[in-house]
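Student: Okay, here's the prediction I keep looking at, along with the sequence it came from:
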Amino acid sequence: MSGYMYPNEITLYWSVLIVLYPYITGLVAGAFILASLERVFRVEAVKPTYRLALLTAMSFLLVAPLPLLFHLGQPLRCWEMYFTPHSTSAMAMFGYVYLWYLMAVLSFEIWLDYRREIVLRSQSSKGLLRLVYTIMSLGSSNVSERSLRIDDRVGWIVTLVGIPSAFLLHGYVGFIFGSLKANPWWSSPLTPVVFIFSAMVSGIAAVTLIYMAVTRLRREPIDMRCVDTVAMYLFYIFIIDFSLEMLDLVHRIYEADESFRSLDFLVHTRLFFSQIVLQILLGTLAPLILLFLTQIVKLPEIARKRIYVFSGCMILIGVFAMRWNVVIGGQLFSKSFLGYTTYKVGLVTHEGLLVAVGLSLLPLFFLWVLLMLLPPWSEAGDRQSAAAD
Amino acid sequence: MNGFKDAGHLFRFAGLFVVAFLVFWVVRGFVVPKTFGQYGHYRAAAIAEYAARPVKFAGHQACEACHTDIASTKAGGPHARVNCEACHGALAKHAEDPTSLTPAKPDTAVLCARCHTASAAKPKNFPQVDPAEHSGGAPCQTCHNPHSPVIGATLAAKGGAQ
């Protein structure tokens, strides 16, 4: 700690788990937007990632509230947010947004898309799996052409509703920070928008990496047409994200309100590594330049693959650094603008590094279970064979 | 009619929502206290429950009625406005019947540090020290009288050495 801090500012109350929460929610929203590219905007090339994107969104969405629950001293009180919500509490309303997105959008869309396989598997599998699939089919075995056409139509509408819902889900996370007028680091109407676009970038990067890794593990060839198209969209959205972040920065510099000198000092000292090096140089400029290269130069397949993997990893690190800089950075300076505190991540505390790493890996475990239960590639194979017929 | 049949599974999914909503509403009926929302966004019965709790603090007047020597020592020092029970804990039972409860003497090495450990957030004229550097962990009362902590002030109050 240095300079003058008010007593309630010395210790940070929002830890690395609160960094993880917007990060994971962002991955959900981003993955869903990628899925909607195929479903709503009919971008056929990205079809191989469609179902994987939905399952990725679901796996991360299941974990999204866990960092918050680990952060709470009395996690069982979370139900009170649903039972007696206060209309002026942004977090209470977010609980309903989360539930809406989980049940009415993601679960429904996955169910509609997989219903045919679920019914077929409930008839062909045995034992416990048969029971699981039968429950998932809700006891309906109707997979007639007409019913599947209805599913497709309803699924399209759900995705259409899902896009603003995904924006709402992550925009709300940004809103929770952006609406805090007492904190100049957070308080900006641009915060929710920047959150949404960085979420789209991180979610698309995550699904690309997962698609490449899973395909590699299955010893199948990576569909380069698909990955190239996803990378193209990633590049375009990344440009918008970068422009918005720069707009926010330029706005702050030009406005230069009473907090500016303090925040400027923070960026050049305590946040230098996480903001300038990780977020801007390695997490934004490096992948942007590399993705730009893939758009203007005809590179060999192996070079493109390496660029996508490297850029994807850098983007994920960069967006995590962005969340870190927002959440932790916003608590490092005093409201007096005369003092700065420090944050040290614990290792084995209930809000420490081990818990954060565990919660980051948990979605991958959920994804593995979902991939076993609802393999995304069988349908693609079926469709291809159907098309060949 | 056929279209209705082919969309039957959608009604089953919608039914899930209806069941979930009904379960939620029934559970809510059980877990939300009956007096919640009567006056505001809280449980109204909590007010009566708090009011019915036994009083644990006696108040400094009760202490000063018996401990007149301590009261006069305190009166001239910087701790004059610090309530007795702020350091000694809630002692209504002791005030009611002094023989029923003898309060333990606080460990001054810990107690004093709670307020007097140096922090940039405290006013400059507030006495504050780094306890380890200042006393090396020795109890503060070795040198200070906790009831009138300025060294020499206690003796002066008693008419001793200046």
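Tutor: Done, it's in. Numbering: from 1, shown residues only, chains lettered A, B, ... in the order given.

Student: pLDDT at the nearest residue to A:Ser334 once chain neighbours are set aside, what is it?
Tutor: In space, and not counting its chain neighbours, A:Ser334 is closest to A:Met5: 4.6 Å by CB to CB, 6 or more residues apart in numbering or on different chains. All C-beta spots, glycine's among them, are computed from the backbone N, C-alpha and C. Listed pLDDT for A:Met5 reads 86.

Student: Surely A:Met5 is within a strand?
Tutor: No: assigned with DSSP: H, G, I helix; E, B strand; the rest coil, A:Met5 falls outside any strand and is coil.

Student: That one contacts A:Gln331, doesn't it?
Tutor: No: in this structure A:Met5 lies outside contact range of A:Gln331 using CB atoms under 8 Å: 10.8 Å.

Student: which residues do these two both contact?
Tutor: Overlap between the contact sets of A:Met5 and A:Gln331, as judged by CB atoms under 8 Å, 6 or more residues apart in numbering or on different chains, is given by A:Thr341.

Student: Identify the residues contacting A:Trp79.
Tutor: When contacts are counted by CB under 8 Å, 6+ apart, A:Trp79 touches B:Val31.

Student: could you redo the last one with a cut-off of 7 Å?
Tutor: Not one residue lies near A:Trp79 by CB atoms under 7 Å, 6 or more residues apart in numbering or on different chains.

Student: For it, identify the helix or strand it belongs to.
Tutor: Using DSSP states H and E, A:Trp79 maps to helix A:78-83.

Student: Now the residue most central in space within chain B: which helix or strand?
Tutor: Centroid-nearest residue in chain B, with CA atoms, centre = their mean: B:Ala86, separated by 9.4 Å. Element membership for B:Ala86 (DSSP H and E) is helix B:84-88.

Student: Helices along chain B, start to end?
Tutor: Along chain B, the stretches classed as helices by DSSP state H are B:2-6, B:8-31, B:45-52, B:60-66, B:68-75, B:84-88, B:92-96, B:108-116, B:131-135, B:153-157.

Student: which helices and strands sit right next to the host helix or strand of A:Val207?
Tutor: Secondary structure from DSSP H and E places A:Val207 in helix A:190-217. With contacts taken as 3 or more CB pairs under 7 Å, 6 or more residues apart in numbering or on different chains; DSSP states H and E, helix A:190-217 sits against helix A:16-39, helix A:47-63, helix A:145-178, helix A:224-255, helix A:301-327.

Student: Can you list the low-confidence ranges for chain B?
Tutor: Low-confidence segments of chain B (pLDDT under 70): B:1-3, B:153-162.

Student: same thing with the stretch 251-389 of chain A?
Tutor: Scanning the stretch 251-389 of chain A for pLDDT under 70 picks out the ranges A:378-389.

Student: Quick one: the strands in it, in order.
Tutor: For the stretch 251-389 of chain A, the strands defined by DSSP state E, counting those that start in this stretch cover A:339-340.

Student: Flag every residue of it that's near chain B.
Tutor: By CB under 7 Å from any CB of the partner chain, the part of the stretch 251-389 of chain A that sits against chain B consists of A:Gly339.

Student: Could you break chain B into its assigned domains?
Tutor: B:12-51, B:56-104, B:105-162 (automatic domain parsing).

Student: Get me the contact residues on chain B for chain A.
Tutor: Taking CB under 7 Å from any CB, the part of chain B that reaches chain A is made up of B:6-10, B:12-13, B:28, B:31-32, B:36, B:41, B:120-121.

Student: try it again with 6 Å
Tutor: Within chain B, the positions near chain A by CB under 6 Å from any CB of the partner chain are B:Asp6, B:Ala7, B:His9, B:Arg12, B:Arg28, B:Val32, B:His41, B:Ala120, B:Ala121.

Student: Against chain B, how distant is A:Leu52?
Tutor: From A:Leu52 across to chain B, the span is 23 Å (CB to the nearest CB, to the nearest Å).

Student: If you count neighbours, what's buried in the helix holding A:Val207?
Tutor: Going by neighbour count (16 or more other CB atoms under 10 Å in any protein chain shown), the buried part of helix A:190-217 is A:190-212, A:214-215.

Student: and the closest residue to chain B within the stretch 201-350 of chain A, how many neighbours?
Tutor: Closest residue of the stretch 201-350 of chain A to chain B, CB to the nearest CB: A:Gly339 (6.7 Å). As a burial measure, A:Gly339 scores 20 neighbours (other CB atoms under 10 Å in any protein chain shown).
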